[in-house]
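Chemist: sequence and predicted model, in that order:
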Amino acid sequence: MGMVCCYVAVPENMIDAVKIESDPVNEVYFQHESNNEEPHSIDLDKSWHAINFMLTGEPEFKFPEQTESAKNPLLQVIFGGEEIGEDLGYGPARFLNPSVVKSISSSLQALSVEDFSARFNPEEMDKFEIYPQIWVRDGQEGLDYILDNYRGLVDFFVKSASRNDGVLSFVG
């Protein structure tokens, strides 16, 4: 199995309700289901730690301080936002408000896929035990795996920002 990171967009009209739920992730899915809609979501699978490392250079699971995040929205992509709800196994879900989603979207769009790819260093990633520690072994295939998920993540944030959605993220 392993640790995967997922995101689900929270429409503006659901934000207040979701923030007070003990299980905000299920609340978002339930609301969409009751409206016969699919939620806007993405599953980064196990690429999340590599994406975080390539965006920030941080090997640790580090929750950014507000001042750091304001200067560099890329610090918020994986570990940003406020904790809400109960522990889901690897901590509670995290909520990014619409203004932060827009800031992240702009920062992700400003970073080209080529520049992001240039940050791929499999030896360093394995040295720092970047999950799931397959980077030297998989080489280009590992980078392709990261890039597929990264492109989806950028698209998710761009669309979420355009709708003025908040975003819930969780590792499970």
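Modeler: Received, thanks. Since this is a predicted model, take the numbers as computed values, not measurements. Residues are numbered from 1 along each chain as shown.
Chemist: tell me which residue is most central in the chain.
Modeler: Ile78 (4.1 Å; C-alpha atoms, centre = their mean).
Chemist: checking the residue nearest to Asn149 when sequence neighbours are not counted next. Helix, strand or coil?
Modeler: Nearest non-adjacent residue to Asn149, counting by C-beta to C-beta, 6 or more residues apart in numbering: Ser47, 4.0 Å away. Bear in mind the C-beta positions are built from the backbone N, C-alpha and C, glycine included. The three-state label given to Ser47 by DSSP: H, G, I helix; E, B strand; the rest coil is helix.
Chemist: surely Ser47 meets Asp144?
Modeler: No: Ser47 is beyond contact range of Asp144, at 10.4 Å (criterion: C-beta atoms under 8 Å).
Chemist: quick one: low-confidence parts of the protein?
Modeler: Applying pLDDT under 70 to the chain flags the ranges 1, 29-30, 32-34, 36, 38, 62-70.
Chemist: excluding covalently adjacent residues, which one is nearest to Phe53?
Modeler: Per C-beta to C-beta, 6+ apart, closest to Phe53 is Ile130, 5.0 Å.
Chemist: so that neighbour sits in a helix?
Modeler: No: counting by three-state DSSP, Ile130 is not found in a helix; it is coil.
Chemist: tell me how many other residues surround it.
Modeler: Counted with other C-beta atoms under 10 Å, residues neighbouring Ile130 total 20.
Chemist: repeat that for Asn13.
Modeler: The number of residues near Asn13, taken as other C-beta under 10 Å, comes to 8.
Chemist: tell me the contacts of it?
Modeler: By C-beta atoms under 8 Å, 6 or more residues apart in numbering, the contact list for Asn13 is empty.
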